[in-house]
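Peer 1: Whatever this is, show me its structure:
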Amino acid sequence: MAEPIRVLIADDHEVVRDGLRLLLEAEDDFVVAGEAGDGAEAVRLTGELQPQVVLMDLRMPGMGGLEAIEEIRARWPEVAVVILTTYNEDELIMRGLRAGARGYLLKDTKRQTLFDTLRAAARGEALLHPDMLARVLNQDASTQMASRDKPVLTDREREVLAGVARGERSKEIATRLGISERTVKAYLSSIYGKLGVDSRAAAIAVASQRGLLRDLQDSRG
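Peer 2: Numbering: from 1, shown residues only. Below is the predicted model:
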């Protein structure tokens, strides 16, 4: 049996941390490694406890979530960060994704969505639900004209990026395109290099900012 996914919860409200702990520890494949009440404590505990996933509130006293995400991603790039927020603020969430978070959750999300998102993050993937993709595309439409410097992606890289934007796993992309998973990962590495990112969620965020997702949607339509 696989080891449970170690999760660090970072939120300044104790009642939120307690609720998340109860939800996660009711599942066999999760264990709460620790809890933090602010960004600085989240960074310190990430170094001490080495969780696989950090659930990070964006609005906390002292060091906020965005700064903590940047520091964690710089010091421990193998640790996945998932944004946890009460506020449905597109720009703040997009900044978090560009900083390296692998996804985001609103605090009123359904428990199955919470579990699925954390499992995807632990696998190194980004699970973006339809409402998230809609927000990305809406922002993309408003920023597309302002972002003229678009990296040149090959046709195959565009197909892989489109699959990532739909939330497909590497195996699913490989099957659809008739290539190996290793080849998909090679394309992802190339895409990351061109976009200057190191995760799927960040690739989607940056691609959105530069108008690439709207281009992909238009080409499919």
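Peer 1: From here on, just use CA atoms for contacts and neighbour counts.
Peer 2: Will do.
Peer 1: buried set for stretch 73-88?
Peer 2: Buried residues in stretch 73-88, counted by 16 or more other Cα atoms under 10 Å: 73, 79-85.
Peer 1: shouldn't I9 be in contact with L55?
Peer 2: Yes: at 4.9 Å, I9 counts as touching L55 under the criterion of Cα atoms under 8 Å.
Peer 1: Report the next helix or strand after the worst-scoring helix or strand of the chain on mean pLDDT in sequence order.
Peer 2: Least confident helix or strand of the chain, by mean pLDDT, DSSP states H and E, is helix 130-143 with a mean of 54. Counting by DSSP states H and E, the element after helix 130-143 in chain order, helix or strand, is helix 155-165.
Peer 1: List the single closest residue to the residue most central in space within the chain in space, sequence neighbours excluded.
Peer 2: The structure's the chain has its C-alpha centroid closest to R102; by Cα atoms, centre = their mean the separation is 1.4 Å. Counting by Cα to Cα, 6 or more residues apart in numbering, A201 is the residue found nearest to R102 once chain neighbours are left out, at 4.8 Å.
Peer 1: Would you enumerate the residues in contact with that neighbour?
Peer 2: 97-98, 100-103, 125-126 (Cα atoms under 8 Å, 6 or more residues apart in numbering).
Peer 1: So which of those belong to helices?
Peer 2: 97-98 (DSSP state H).
Peer 1: Now do the strands in the chain.
Peer 2: 5-10, 30-36, 53-57, 80-85, 103-106 (DSSP state E).
Peer 1: Just put these in TSV and tack on distance to L92 and mean pLDDT.
Peer 2: As requested, these are exported to TSV (distance: least, Cα to Cα, whole Å; pLDDT from 0 to 100):
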stretch	distance to L92	mean pLDDT
strand 5-10	17	96
strand 30-36	21	96
strand 53-57	11	95
strand 80-85	10	90
strand 103-106	11	84
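Peer 1: Would you mind finding the most buried of those?
Peer 2: strand 53-57 (a mean of 29; mean count of other Cα atoms under 10 Å).
Peer 1: any idea how far A33 is from R182?
Peer 2: Counting by Cα to Cα, to the nearest Å, the gap from A33 to R182 is 32 Å.
Peer 1: G47 now?
Peer 2: Taken as Cα to Cα, the span from G47 to R182 is 30 Å.
Peer 1: what residue ranges in the protein score low on pLDDT?
Peer 2: Flagging of the chain using pLDDT under 70 yields the residue ranges 1, 88, 90, 127-151, 214-221.
Peer 1: how is it carved up into domains?
Peer 2: Following the assignment in automatic domain parsing, the chain carries domains at 5-127, 134-220.
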